[in-house]
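1. Would you be able to build a 3D model of this:
(one chain, ligands or ions: 2)
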Amino acid sequence: MKTILTGDRPTGPLHLGHYVGSLENRAGLQREYATYLLIADVQALTDHADEPELVRRNVVEVALDYLAVGIDPAVATIVVQSGVPELAELTIYYLNLVTVARLGRNPTVKEEMQQKGFGADVPAGFFVYPVSQAADITAFKADVVPVGEDQLPMIEQTVEIVRRFNRLYGSTLVEPTALVSKHPRLPGTEGQSKMGKSLGNAIFLSDSPDVLSKKVMGMYTDPRHVRADLPGTVKGNPVFSYLDAFDPDEAAVAELKRRYRAGGLGDVAVKRRLIEVLDVFLAPIRTRRSALARDPAAVERILREGTARGRAVARQTLAEVRRALHLDR
Ligand code: ATP
Ligand code: MG
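-> Ligands and ions are numbered 1, 2, ... in the order given. Predicted coordinates for the structure are as follows:
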């Protein structure tokens with residue numbers, strides 16, 4: 001059986017971008033692959049060092065999101081990163097296999113540093129997080145990593161580290177492949193960046209109907225579409241990107257786009273349709289989520305058992321790595 005590993009940073013609850021970018025694939029494949037889902041709390045601290053309580057709280061929120069969208073803890077393993085210190089040790093070894101120059105060229109880290117206003121004062125842990133992700137992926141010997149587009153440079157760097165390691169020390173690590181979904185970069189409600197937990201532009205899987213409706217009504221559309229009778233632009237209009245991703249009735253979406261382009265269809269009407277579609281999608285997720293949230297002890301048990309199973313796998317890989325590095329005395 002092949003192995004899947006993916007991770008999410010517990011910097012907030014999960015959003016629509018996570019669902020179409022990666023969660024849907026993970027839930028769909030969990031019975032065909034040995035599936036590990038890593039809640040990356042140690043990585044979250046690399047840019048949230050001053051908010052450990054926020055990170056701790058969101059470990060549970062992310063776990064609830066997993067379970068609510070259909071991740072089944074009887075087949076998939078949910079692992080809390082801080083419970084697997086072997087990952088930190090692997091990171092230290094891999095840091096010798098990348099250069100500072102190579103890390104500085106990682107386009108996603110560059111973009112995120114800009115968004116966060118980091119210059120030369122970037123926390124060192126944040127700057128090297130692609131290496132800690134290589135540790136996560138290889139510790140579980142993952143073959144496939146379902147990710148959004150922003151994570152492709154991380155998989156590329158992981159492959160480089162794996163090749164370098166195997167060339168220097170003998171074939172030990174497994175080379176992973178990224179699995180990108182049909183919607184690899186869902187835009188945020190402001191229509192600019194990708195939807196992101198930390199960017200204030202996300203619709204969360206746990207948003208109430210009220211919050212959902214407010215967020216959709218406030219969405220960016222086509223700034224030149226100031227009156228319903230004017231023709232509007234669909235390209236780059238996030239309301240239509242969300243309909244493409246979530247409305248099961250493709251013909252109806254095509255017809256809405258036609259009417260919007262022709263003129264005569266207002267933004268409010270399209271947004272109402274989107275609210276309806278998202279409410280239908282989110283309703284069962286909300287129901288499952290609130291039922292699970294009522295039993296925090298059960299969620300903690302799932303996390304504890306998953307972390308123990310995950311740690312056993314990582315320990316095995318670390319032993320092989322230490323042997324390859326001649327550190328096994
Ligand atoms: P943060 O702002 O804290 O970085 P995030 O929203 O970017 O949060 P991550 O935990 O960094 O979420 O990403 C988890 C996974 O979800 C990654 O595989 C990432 O590529 C994917 N993902 C995140 N945002 C999107 C999006 N807007 N569209 C598609 N996939 C996404
Ligand atoms: Mg991110």
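2. Tell me who's in contact with the nearest residue to residue 139 once chain neighbours are set aside.
-> Counting by C-beta to C-beta, 6 or more residues apart in numbering, residue 314 is the residue found nearest to residue 139 once chain neighbours are left out, at 4.1 Å. Quick note: C-beta positions are derived from backbone N, CA and C, even for glycine. Neighbouring residues of residue 314 by C-beta atoms under 8 Å, 6 or more residues apart in numbering: 84, 86-87, 90, 139-140.
3. Just say helix, strand or coil for residue 314.
-> Judged by DSSP: H, G, I helix; E, B strand; the rest coil, the three-state class of residue 314 is helix.
4. so what pLDDT did it get?
-> You'll see residue 314 listed with a pLDDT of 98.
5. Strands of this protein, residue ranges please.
-> Assigned by DSSP state E, the chain shows strands spanning 3-8, 34-39, 76-80, 144-147, 177-180.
6. so which of these is the most packed in?
-> Among the strands of the chain, ranked by average contacts under mean count of other C-beta atoms under 10 Å, first place goes to strand 34-39 (a mean of 25).
7. Can you tell me the strand partners of that one and which way each runs?
-> Partner strands and pairing direction for strand 34-39 (DSSP bridges) are strand 3-8 (parallel), strand 76-80 (parallel).
8. contacts for the first one?
-> By C-beta under 8 Å, 6+ apart, the surrounding residues in contact with strand 3-8 are 14, 18, 22, 26, 29-30, 33-40, 43, 62, 81, 133, 136-137, 140-147, 174, 176.
9. for it, what is the average pLDDT?
-> Mean predicted lDDT for strand 3-8 stands at 97.
10. can you tell if it touches ligand 1?
-> Yes - contact of strand 3-8 with ligand 1 (C-beta under 6 Å from any ligand atom) involves residue 8.
11. Could I have the CA atoms of that strand written out in PDB?
-> Provided in PDB are the C-alpha atoms of strand 3-8 (Å, rounded to 0.1, in the frame of the first residue of the first chain):
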ATOM      1  CA  THR A   3       1.500   6.200   1.700                       C
ATOM      2  CA  ILE A   4       0.000   9.700   1.800                       C
ATOM      3  CA  LEU A   5       1.200  12.400   4.100                       C
ATOM      4  CA  THR A   6      -0.200  15.900   4.300                       C
ATOM      5  CA  GLY A   7      -0.100  18.600   6.900                       C
ATOM      6  CA  ASP A   8      -1.900  21.800   8.000                       C
END
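12. For the stretch 51-200 of the chain, which residues are neighbours of ligand 1?
-> So far as C-beta under 6 Å from any ligand atom goes, the stretch 51-200 of the chain lies against ligand 1 at 147-148, 150-151, 184-186, 194-199.
13. can you pull the buried residues of stretch 63-78?
-> Buried residues in stretch 63-78, defined by neighbour count with 16 or more other C-beta atoms under 10 Å: 63-71, 73, 76-78.
14. Pipe these into JSON lines and attach pLDDT per row.
-> Below are these laid out as JSON lines (pLDDT from 0 to 100):
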{"residue": "63", "pLDDT": "98"}
{"residue": "64", "pLDDT": "98"}
{"residue": "65", "pLDDT": "98"}
{"residue": "66", "pLDDT": "98"}
{"residue": "67", "pLDDT": "98"}
{"residue": "68", "pLDDT": "98"}
{"residue": "69", "pLDDT": "98"}
{"residue": "70", "pLDDT": "98"}
{"residue": "71", "pLDDT": "98"}
{"residue": "73", "pLDDT": "98"}
{"residue": "76", "pLDDT": "98"}
{"residue": "77", "pLDDT": "98"}
{"residue": "78", "pLDDT": "98"}
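15. Now for these: which two are most distant?
-> Greatest spacing in those, by C-beta to C-beta: 68 and 77 (17.4 Å).
16. quick one on the thing from earlier: could you dump the strands of the chain into TSV and include distance to residue 213?
-> Putting the strands of the chain into TSV (distance: least, C-beta to C-beta, whole Å) gives the following:
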stretch	distance to residue 213
strand 3-8	26
strand 34-39	30
strand 76-80	31
strand 144-147	30
strand 177-180	31
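17. quick one: which of those strands is nearest residue 298?
-> Checking the strands of the chain against residue 298 by C-beta to C-beta gives strand 76-80 as the closest, at 12.4 Å.
18. List of residues touching the closest one?
-> With C-beta under 8 Å, 6+ apart as the test, strand 76-80 has contacts from 26, 30, 34-39, 41, 59, 63, 66, 71, 302-303, 306-307, 309-311.
19. One more: stretch 205-225?
-> 13-16, 18-19, 61, 64-65, 68-69, 189-192, 203, 230-233, 236-239, 267-268, 270-271, 274-275, 278-279, 282, 285-286, 289.
20. Many thanks, have a good one.
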